Every structure is written in C-alpha cells, then in structure tokens.
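# here are the coordinates; sequence isn't available:
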C-alpha cells in the first residue's frame, strides 16, 4: 500500500491481558515512530526506530511497554498486563530519514485501544 | 525541556470568518516547526514545515508563519471542510507535539 498501515483499527481487551499492535510503514522509510494520543490530548512520543540503530525508548511509560522492528519493515508495539489508563489511540508514523532537513512524518490511522 | 503550547484549545468560526491559531514553543536548537491537520478517526496529515524566523508558507486558505518563539496558522475565509484539529510540532532533539486546536467552522 501507499500509506502507513496499522492493525487492528480497534482493540477491546480486559485489564491484565497483553496486546500487540502492528504497524506497516511506507516502503523505503527508514524511521518509524510510535505515539500515544489520549482523548482530546496531543501526541505523546513513545519510541522511534532509525534503520538498524538502537531504538530511542525514552518515551515508553513503563516496562510493560515494548516495541520491536525487523530491519526497516514492520513494527509491533506490545503492552503487557494492560491497565485502564492504557486506553488511547496508538499512532504509528514513518519518515524517509529521522532528522532530515525536510522530514515529514506520515501517520497511520491508529489503533483505538480500550481496556475494560 | 522542549515544550509546545497551542492556543486556543478550541475555536468556533462562522464560514468566512478569518482567524489565527497560535503555537508557542521552547526548544534547544530548533530544526523545524511542523503543522499537521487531524480529522476525527484519522492520523495527522502533514501541512507545512518552517525552519527559520520570518519564514512563511501558504496552502489554499492556510498560511503559516514563524518567529523565534511562536508560530501562527492563519485561516482566511474558512469553509466547513476546514474543520479539524490542527497540531503543531517542533523538532529539536526529538519531535514534540502540542495538544492541538480543535477548529469548527459553521456554515
């Protein structure tokens, strides 16, 4: 596809369960970002990947959150032992190169996570 | 710490009523200021990048300007289809987003 694809679009889970969110970036984009957006709020940075470099995990809110990316392709964000405060939209974005002079982030439509 | 503050949180305009959205920022080493548009249920969509004070960019009814401390998104004669949340982001050591301004344009 031409854009960033995220799945599932909606996920309802019970407190304490683990969830896995998937992001397919635009082909050729070396940078991939995960953001969290709570209702009515801005985007909260979680983690980014740039090529084969070590990811910047500085935004992950707790050790229940982890993310992986295989090369410059698919990324998964895993939340273990979900809590109600994890309910939010999780957005993935990709760009050609992090920090490039004209870097544009291309976003997916997000995964709406609801923890009951 | 880098910070981005957008105002107002929400703005309601009549069709044709021009106005401006504000993005105030503090960042160590600004590498770029970005404006995005976000429609309900969708991810943000890129609008503009500004790099230096005095720079301006235009697209249809939108014009973005930049000073050393803030950026404005001017909306001229808005239409209902301009209704969306407008997000500002600054790139310093990382990309930091503001909370957005939710714009509603009534016909």
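Alright, I've got the coordinates. What you see is a predicted model, and the numbers here were worked out from it, not measured in a lab.
# what sits against the nearest residue to residue B:81 once chain neighbours are set aside?
Closest residue to residue B:81 apart from its sequence neighbours, by C-beta to C-beta, 6 or more residues apart in numbering or on different chains: residue B:105 at 7.8 Å. Any C-beta I mention is one placed from the backbone N, CA and C, and that applies to glycine too. Residue B:105 is in contact with B:12-15, B:78-83, counting by C-beta atoms under 8 Å, 6 or more residues apart in numbering or on different chains.
# Let's see if you can find the most crowded of those.
If you count neighbours using other C-beta atoms under 10 Å in any protein chain shown, the busiest of those is residue B:78, which has 22 neighbours.
# From residue B:21, how far off is it?
When C-beta to C-beta, to the nearest Å is applied, the distance between residue B:78 and residue B:21 equals 11 Å.
# Overlap in contacts, those two.
Here residue B:78 and residue B:21 have residue B:103 as joint contacts, going by C-beta under 8 Å, 6+ apart.
# Residue B:89 against residue B:98, yeah?
Yes. Between residue B:89 and residue B:98 there is a contact at 7.1 Å, judged by C-beta atoms under 8 Å.
# intersection of neighbour lists for these two?
The overlap between the contact sets of residue B:89 and residue B:98 (C-beta under 8 Å, 6+ apart) consists of residue B:4.
# Skipping its backbone neighbours, what lies nearest residue B:57 in space?
When the adjacent residues along the chain are set aside, residue B:57 lies closest to residue B:48, with 4.3 Å between them (C-beta to C-beta, 6+ apart).
# residues in chain A within reach of chain B, list them.
Within reach of chain B by C-beta under 8 Å from any C-beta of the partner chain, chain A has these residues: A:4, A:33, A:35, A:40-43, A:45, A:48, A:56, A:58, A:91, A:93, A:99, A:101-110.
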